[in-house]
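S.K.: Mind folding the following:
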Amino acid sequence: MSTPEPARLKMPFRIFAFEVAYLVLLVAILVLYKTSDPLRDALPNFGKIPVEVVWFGATGGVLSGLGGIFFHNAHWDNAYNYWHYSRPLVGGVVGGVGCVLFYASILAGTQNAVEPRTVTFDAVAFLLGFADEAFRRQITSLTNLLFGPGDTKPGAAGDGGHQPTPPAS
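M.R.: Here you go, the predicted model:
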């Protein structure tokens, strides 16, 4: 006798609504940024790193979230709901921090003055916002390389301790 397959969950519509609302808000912010000199002047200066990297990271995160919706809406895992709610925030922070690390790595690799173009930072921020999980894995690897593995208890790898538990032998 075969075991019945567990019922598949459909994605809650609110997840899609949040992601689309985030995308519309990001487009509105872009239009405001491009058309409002006072807004651009009010934003902080990040030195050589353009302030719009946060926008590109957030946009990458939202587009990644929408991709998850399109590919997994018929077999939804509610464990990802919070991931979707936080996409623009996580993408923006990862994009910004990633650009700082990217710039630092460029500076560390040369003795000459480096002037990367704004579009380079924008592209890096978008990619890191889109693929934040890969970024976290790289940060963990780099941290282990530079400072040793440190604490190997669950959660020390930057995964919040949420690695799947191996089956008991």
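
S.K.: How about Pro50: what's its closest non-neighbour residue?
M.R.: Thr118 (4.7 Å; Cβ to Cβ, 6 or more residues apart in numbering). Just so you know, the C-beta spots here come from the backbone N, C-alpha and C atoms, and that holds for glycine as well.

S.K.: May I see the buried residues of the lowest-mean-pLDDT helix or strand in the chain?
M.R.: Across the helices and strands of the chain, mean pLDDT, DSSP states H and E gives its lowest value to helix 132-147, namely a mean of 88. Using 16 or more other Cβ atoms under 10 Å as the test for burial, helix 132-147 gives Asp132, Phe135, Arg136.

S.K.: Spit out the contact partners of the closest residue to the first one other than its chain neighbours.
M.R.: When the adjacent residues along the chain are set aside, Asp132 lies closest to Val94, with 4.5 Å between them (Cβ to Cβ, 6+ apart). Each residue near Val94 by Cβ atoms under 8 Å, 6 or more residues apart in numbering is listed here: Gly57, Gly61, Leu128, Gly129, Asp132, Phe135, Arg136.

S.K.: Recalculate using a threshold of 6 Å.
M.R.: Gly57, Leu128, Gly129, Asp132, Phe135 (Cβ atoms under 6 Å, 6 or more residues apart in numbering).

S.K.: quick one: pLDDT of it?
M.R.: Here, the pLDDT recorded for Val94 equals 95.

S.K.: ok, now Arg40?
M.R.: For Arg40, the predicted pLDDT is 87.

S.K.: Determine the number of other residues adjacent to it.
M.R.: 13 (other Cβ atoms under 10 Å).

S.K.: now swap in the one 5 residues further on and tell me
M.R.: Other residues near Asn45 come to 8 when the count uses other Cβ under 10 Å.

S.K.: do you know how far it is from Leu89?
M.R.: Taking Cβ to Cβ, to the nearest Å as the measure, Asn45 falls 22 Å from Leu89.

S.K.: Likewise for Phe70?
M.R.: 21 Å.

S.K.: got it, and Lys10?
M.R.: Distance from Lys10 to Leu89, by Cβ to Cβ: 26 Å.

S.K.: the more surrounded of these two?
M.R.: Leu89 (14 against 10).

S.K.: out of everything not next to it in sequence, what's closest to the more buried one?
M.R.: Per Cβ to Cβ, 6+ apart, closest to Leu89 is Ala58, 7.4 Å.

S.K.: where's that neighbour, which helix or strand?
M.R.: helix 53-72 (DSSP states H and E).

S.K.: so that helix versus helix 132-147, what angle?
M.R.: 120 degrees (axes from the mean of the first three to the mean of the last three Cα atoms, to 10 degrees).
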